[in-house]
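*Asks:* Here you go, sequence then predicted model.
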Amino acid sequence: MAKVIMIQGTMSGAGKSLLVAGLCRIFRQDGYRVAPFKSQNMALNSYITKEGLEMGRAQVMQAEAAGIEPLVCMNPILLKPTSHTGSQVIVNGEVRGNLSARDYFAHKTELIPEIKVAFRKLETYADIIVIEGAGSPAEINLKQNDIVNMGMAAMVDAPVLLVGDIDRGGVFAQLLGTLMLLTEEERKRVKGLIINKFRGDSTILDPGIQMLTERGQVPVLGTVPYMELTLEDEDSLTDRFDAKHVGKIDLAVIHYPRISNFTDFDVFEQMPEVSVRYVTNVRELGTPDLIFLPGSKNTMGDLKWMRQNGLEAAVKRAAGKVPIFGICGGYQMLGCEIADPDSVEEGGRIRGMELLPVRTVLQKEKHRCQIDGKLEAVEGIFAGLTGYEFTGYEIHMGETVYCGEDGKRSTSCADDAMRNIKITKTVVSDSTGCVYGSYIHGLFDKGEIAGHMIQTLAREKGIILEGGVWEDYRIIKERQYDQLADTLREYLYMEDIYGMLREAHIS
């Protein structure tokens with residue numbers, strides 16, 4: 001059986017995901033087979049495994065830090081919000097259907113056997129499993145039948161490290177208040193406290209740490225400094241949507257209500273002379289050098305939102321002046337029509353933005369696969385991408401084919417249309433070569449694809465960028481995982497943490 005340790009937080013955004021990733025990297029560096037685990041994740045950023053199964057990207061990031069292939073058993077339950085009160089429920093990578101929050105809460109304990117099976121399977125791959133909780137273990141309304149915090153810890157008899165975020169203020173009240181709201185049995189599981197995201201001289205915290213230790217009867221095992229990392233965070237809590245800086249090359253991403261898989265644009269955020277701005281209205285859009293339409297969990301609803309607030313008209317006006325690039329749901333929006341005969345989303349049909357000669361029919365079955373290959377016959381401003389190798393994945397509900405001038409499926413090029421279902425594996429452009437679409441998530445991550453695009457935009461503007469040749473995004477992330485691990489080694493009491501792993505059971 002694998003040794004286990006669990007990271008829980010006083011609130012969402014306390015830094016659990018990155019701490020789990022950092023510990024995974026440390027244990028890997030020390031020669032152990034290590035894997036992350038989160039029984040239930042709520043996120044719109046998801047990933048497709050080699051087996052074609054869907055999981056949350058936070059555990060993918062942690063698996064990368066651990067140096068292992070992402071496995072769906074690392075995240076057996078994924079909730080993808082479809083509205084303010086409901087989510088698509090994905091169990092072991094397969095869609096189980098849509099449930100309201102109340103219905104899911106009433107039936108979630110039925111998924112405990114699935115969680116246990118996934119965890120036992122993960123044990124066959126790992127010496128150490130680092131488990132991540134969700135939100136706070138002291139949420140009174142969620143404690144009953146808990147399957148992700150203390151309920152999960154009890155399931156696998158895991159010692160717990162409780163993390164508080166000092167950057168938001170009130171960290172001592174966070175930690176002590178959380179301990180006070182736990183039952184006696186739950187408090188016994190908490191073996192250490194961590195103060196996260198501190199800026200400044202940590203010695204000024206000494207009186208507070210002493211009081212916290214005395215009152216909470218739990219040792220503080222480290223004060224971790226605020227780290228300037230650009231690794232993925234929980235999509236519902238990200239602060240990247242707030243960035244307004246305009247760089248030499250300005251990229252605008254349409255931030256519709258059900259935006260998903262915006263990790264597609266992380267690679268551009270690593271480039272010092274490039275800005276990535278998420279915009280929600282016409283005023284914010286401005287005059288960017290490229291406009292991205294990202295994925296969406298509700299393509300038809302988000303297209304209506306763009307239509308109502310004027311962003312659709314603004315994007316159409318920009319087409320021909322600057323490149324427009326749609327990924328997945330954004331690609332579907334750029335076509336002539338989206339039809340939903342089976343009410344996968346909202347039912348009926350809706351006119352698309354009519355910028356690409358394609359038509360999409362939404363289908364009940366979700367298309368999920370990993371894909372790699374070479375970009376073929378890219379036209380227009382990004383024609384230089386032709387022949388570049390890519391690696392990514394597809395995750396969408398719908399078939400997209402070429403359509404004629406009347407918006408119907410083309411008959412004159414029916415064979416070509418069927419062959420170009422492969423357009424999901426490459427890039428489609430309009431007749432001007434300024435509007436592009438693709439189903440591939442992660443398209444920009446490998447090699448120099450992103451760098452080539454930015455250099456092309458710079459030439460169009462007549463400017464020279466000092467950044468030179470940009471690295472493969474995966475190499476950049478590897479350095480950041482090592483930096484994260486080095487920082488945690490310096491500021492956490494790793495001997496005590498290893499001591500927890502050596503414990504045979506909770507005392």
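*Replies:* Thanks, I have the structure now. None of these values were measured; they are calculated from a predicted model. Numbers count the residues shown, from 1 in each chain.
*Asks:* Quick one: the strands in the stretch 351-500 of the chain, in order.
*Replies:* Along the stretch 351-500 of the chain, counting by DSSP state E, counting those that start in this stretch, strands occupy 358-361, 367-374, 389-396, 399-402, 428-429, 435-438.
*Asks:* of those, which approaches Gln217 most closely?
*Replies:* Proximity to Gln217 (CB to CB) singles out strand 389-396 among the strands of the stretch 351-500 of the chain, at 46.3 Å. Every C-beta, even on glycine, is put in place using the N, C-alpha and C of the backbone.
*Asks:* other SSEs contacting the closest one?
*Replies:* Secondary-structure packing of strand 389-396 (3 or more CB pairs under 8 Å, 6 or more residues apart in numbering; DSSP states H and E): strand 46-48, strand 367-374.
*Asks:* winner for burial among those?
*Replies:* Of all the helices and strands packed on strand 389-396, strand 46-48 has the most neighbours on average by mean count of other CB atoms under 10 Å, namely a mean of 26.
*Asks:* Mind giving me the packing neighbours of that one?
*Replies:* Using 3+ CB pairs under 8 Å, 6+ apart, strand 46-48 is in contact with strand 54-56, helix 57-66, strand 367-374, strand 389-396.
*Asks:* Kindly present the ones you listed as JSON lines, with separate columns for distance to Arg459.
*Replies:* Formatted as JSON lines, these follow (distance: least, CB to CB, whole Å):
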{"stretch": "strand 54-56", "distance to Arg459": "38"}
{"stretch": "helix 57-66", "distance to Arg459": "33"}
{"stretch": "strand 367-374", "distance to Arg459": "23"}
{"stretch": "strand 389-396", "distance to Arg459": "22"}
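*Asks:* Which of those sits closest to Asn45?
*Replies:* helix 57-66 (4.4 Å).
*Asks:* which outside residues touch that closest one?
*Replies:* When contacts are defined by CB atoms under 8 Å, 6 or more residues apart in numbering, helix 57-66 is touched by residues 17, 20-22, 24-25, 27-28, 34-38, 41, 43, 45-47, 69-71, 74-75, 130, 132, 231-232, 234-235, 261, 263, 477-478, 481, 484-485.
*Asks:* which among the residues you listed end up buried?
*Replies:* Applying a neighbour-count criterion of 16 or more other CB atoms under 10 Å, the buried members of these are 17, 20-22, 24-25, 27-28, 34-38, 41, 43, 45-47, 70-71, 74-75, 130, 132, 231-232, 234-235, 261, 263, 477, 481, 484-485.
*Asks:* In helices, which of those residues fall?
*Replies:* Among those, the ones falling in helices (DSSP state H) are Ser17, Val20, Ala21, Gly22, Cys24, Arg25, Phe27, Arg28, Lys477, Tyr481, Leu484, Ala485.
*Asks:* need the contact list for the third one.
*Replies:* Read that as Ala21. If you count contacts by CB under 8 Å, 6+ apart, Ala21 has them with Pro36, Met61, Gln62, Glu64, Ala65, Leu231, Tyr481, Leu484.
*Asks:* Looking at those residues, which has the smallest pLDDT value?
*Replies:* Across the contacts of Ala21, the smallest pLDDT goes to Leu231, namely 83.
*Asks:* Test my guess that that residue contacts Lys477.
*Replies:* Yes - if you go by CB atoms under 8 Å, Leu231 and Lys477 touch, sitting 6.7 Å apart.
*Asks:* where's the closest residue to Ala485 other than its chain neighbours relative to Ala458, distance?
*Replies:* Once flanking residues are discounted, Ala485 sits nearest to Arg25: 4.0 Å by CB to CB, 6 or more residues apart in numbering. Per CB to CB, to the nearest Å, Arg25 is found 35 Å from Ala458.
*Asks:* closest one to Glu466 among the helices and strands packed on strand 46-48?
*Replies:* Glu466 lies closest to strand 389-396 among these, at 26.5 Å (CB to CB).
*Asks:* residues of that closest one that come out buried?
*Replies:* Residues of strand 389-396 classed as buried under the neighbour-count rule (16+ other CB under 10 Å) are Phe390, Gly392, Tyr393, Glu394, Ile395, His396.
*Asks:* And the helices and strands packed on strand 46-48: which comes nearest Tyr491?
*Replies:* Comparing the helices and strands packed on strand 46-48 against Tyr491 with CB to CB, the closest turns out to be helix 57-66 (17.2 Å).
*Asks:* the bottom helix or strand of this structure by mean pLDDT?
*Replies:* The weakest-scoring helix or strand in the chain, judged by mean pLDDT, DSSP states H and E, is helix 414-419 (a mean of 31).
*Asks:* Packing partners of the helix or strand harbouring Phe268?
*Replies:* Per DSSP states H and E, Phe268 falls inside helix 266-269. Applying 3+ CB pairs under 8 Å, 6+ apart, one finds that helix 266-269 contacts strand 274-279, helix 449-461.
*Asks:* could you dump those to CSV with mean pLDDT and mean neighbour count?
*Replies:* Formatted as CSV, the helices and strands packed on helix 266-269 follow (pLDDT from 0 to 100; neighbours: other CB atoms under 10 Å):
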stretch, mean pLDDT, mean neighbour count
strand 274-279, 94, 22
helix 449-461, 93, 19
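*Asks:* Quick one: closest of these to Gly437.
*Replies:* helix 449-461 (14.8 Å).
*Asks:* show me what contacts Phe382?
*Replies:* For Phe382, the contacting residues are Pro323, Val427, Gly433, Tyr436, His452, Met453, Thr456, by CB under 8 Å, 6+ apart.
*Asks:* export the helices and strands packed on helix 266-269 to a markdown table and tack on distance to Tyr125?
*Replies:* Formatted as a markdown table, those follow (distance: least, CB to CB, whole Å):
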| stretch | distance to Tyr125 |
| --- | --- |
| strand 274-279 | 35 |
| helix 449-461 | 31 |
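*Asks:* Out of these, which gets nearest to Thr178?
*Replies:* Nearest to Thr178 among the helices and strands packed on helix 266-269 is strand 274-279; the distance by CB to CB comes to 31.9 Å.
*Asks:* Give me the contacts around the helix or strand following that closest one.
*Replies:* On the C-terminal side of strand 274-279, the nearest following helix or strand under DSSP H and E is helix 282-285. Helix 282-285 has contacts (CB under 8 Å, 6+ apart) with Ala252, Arg277, Val279, Ile291, Asn309, Gly310, Leu311, Ala314, Val315, Ala318.
*Asks:* Tell me which strands the helix or strand just after helix 282-285 pairs with, and in which orientation.
*Replies:* Where DSSP H and E defines the elements, the next helix or strand beyond helix 282-285 is strand 290-293. Strand pairing for strand 290-293, determined by DSSP bridges: strand 249-254 (parallel), strand 324-327 (parallel).
*Asks:* Perfect, that will be all.
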